[in-house]
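K.L.:
Turn this into a model:
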Amino acid sequence: MKIKDTLLCEQPREKMASLGVRSLSNSELLAIILGSGTQGANVVEVCNDLLNCSGGTLAGLSAMTVESLSSVKGVGRIKALKVGATIELGRRFCSEQSPQTEAIIGPKIVYDIMLPIMKGLDKEEFWIMYLNAKNKVVKKEKLSTGGQSSTVIDVKILSRRALETRSSGIVMVHNHPSGDPTPSKADIKQTESVHNALKTFDICLLDHVIIGNGRFFSFAEEKTFEEE
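P.N.:
Numbering: from 1, shown residues only. Presented below is the predicted three-dimensional model:
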């Protein structure tokens, strides 16, 4: 690494040490992760190119595959893997947060809880929020991962997990990578199947929330199924 490039990388490190990590810009944080630039482009220039390729947003960056990250000049596969691992750590941090102390009284609360986990995903993920009698979250977990346009869940597994957690109710949540949260026919059919199965065990399906780009769809809010 050239002396100039070393100094450019050390600058955000020193800034972080003296002012704290929150004082760093996205580009400065990326500079610390990448560590160095390449021939003809220093680490700052590489980070700027990387952010430009992602549309200037972290959501865009998180949606980039290892291959697309690697294609940016100065990144390469090893650095792309570092970026991907960092983003995944952030997602896992969000997913293992302590259960919410406030009750789930509407889809906006569900959206606010799950958005940090699902934002920028390029594949559908299906999550379940298990609730106690006061509609507070006792646990949330990913039940399945699908493709870009669909994901399938096993109703028997979902019902068993709800019983194991002694849930009084659940909320189903999944994302649409397209950005449009409008439910598909498969989404509607799947929701009805879960709703009917859980009634057998006296467990309430409070809602099924589909997360899109900056908006969401709530089955309960739209009266797509009748709550118990």
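K.L.:
can you give me the helices for this structure?
P.N.:
For the chain, the helices defined by DSSP state H cover 3-19, 26-34, 43-53, 58-63, 66-70, 76-95, 107-118, 155-164, 185-199.
K.L.:
out of those, which comes closest to Ile128?
P.N.:
Comparing these against Ile128 with Cβ to Cβ, the closest turns out to be helix 155-164 (6.4 Å). (Each C-beta comes from the backbone N, C-alpha and C, glycine too.)
K.L.:
Taking helix 185-199 as reference, get the angle to that closest one.
P.N.:
40 degrees (axes from the mean of the first three to the mean of the last three Cα atoms, to 10 degrees).
K.L.:
Next, the buried residues of helix 155-164.
P.N.:
158-159, 161-162 (16 or more other Cβ atoms under 10 Å).
K.L.:
next one: stretch 72-80
P.N.:
Buried, per 16+ other Cβ under 10 Å, within stretch 72-80: 72, 74-75, 79-80.
K.L.:
In a markdown table, list those along with pLDDT and distance to Ser18.
P.N.:
Shown next, in a markdown table, are the buried residues of stretch 72-80 (pLDDT from 0 to 100; distance: Cβ to Cβ, whole Å):
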| residue | pLDDT | distance to Ser18 |
| --- | --- | --- |
| Val72 | 90 | 30 |
| Gly74 | 89 | 27 |
| Val75 | 91 | 28 |
| Lys79 | 92 | 26 |
| Ala80 | 92 | 30 |
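K.L.:
Farthest pair within these?
P.N.:
Greatest spatial distance in the buried residues of stretch 72-80: Gly74 and Ala80, 10.8 Å, computed using Cβ to Cβ.
K.L.:
from the buried residues of stretch 72-80, which is closest to Ile87?
P.N.:
Looking across the buried residues of stretch 72-80 and measuring by Cβ to Cβ, the closest to Ile87 is Ala80, at 10.8 Å.
K.L.:
I figured that closest one hits Ser70, correct?
P.N.:
Yes: if you go by Cβ atoms under 8 Å, Ala80 and Ser70 touch, sitting 4.3 Å apart.
K.L.:
still on that earlier bit, redo the buried residues of stretch 72-80 as CSV? Include distance to Ile117.
P.N.:
Shown next, in CSV, are the buried residues of stretch 72-80 (distance: Cβ to Cβ, whole Å):
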residue, distance to Ile117
Val72, 26
Gly74, 30
Val75, 25
Lys79, 25
Ala80, 22
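K.L.:
With respect to Glu192, which of these is nearest?
P.N.:
Out of these, the member with the shortest distance to Glu192 (by Cβ to Cβ) is Ala80, at 41.5 Å.
K.L.:
Without its sequence neighbours, what residue ends up closest to that closest one?
P.N.:
Leu69 (3.6 Å; Cβ to Cβ, 6 or more residues apart in numbering).
K.L.:
nearest residue to Leu115 other than its sequence neighbours?
P.N.:
Here the residue nearest Leu115, using Cβ to Cβ, 6+ apart, is Ile211, at 6.4 Å.
K.L.:
For beta bridges, what are the partners of that neighbour?
P.N.:
Per DSSP bridges, residues listed as beta-bridge partners of Ile211: Asn175, Phe216.
K.L.:
Next one: Pro177, what pLDDT does it get?
P.N.:
If you check Pro177, the pLDDT there is 91.
K.L.:
sorry, that was for Leu8
P.N.:
53.
K.L.:
cool, the one 3 residues further on as well?
P.N.:
Each residue has a pLDDT score; the one for Gln11 is 79.
K.L.:
Contacts only, for it.
P.N.:
Contacts of Gln11 were listed using Cβ atoms under 8 Å, 6 or more residues apart in numbering, and they are Glu28.
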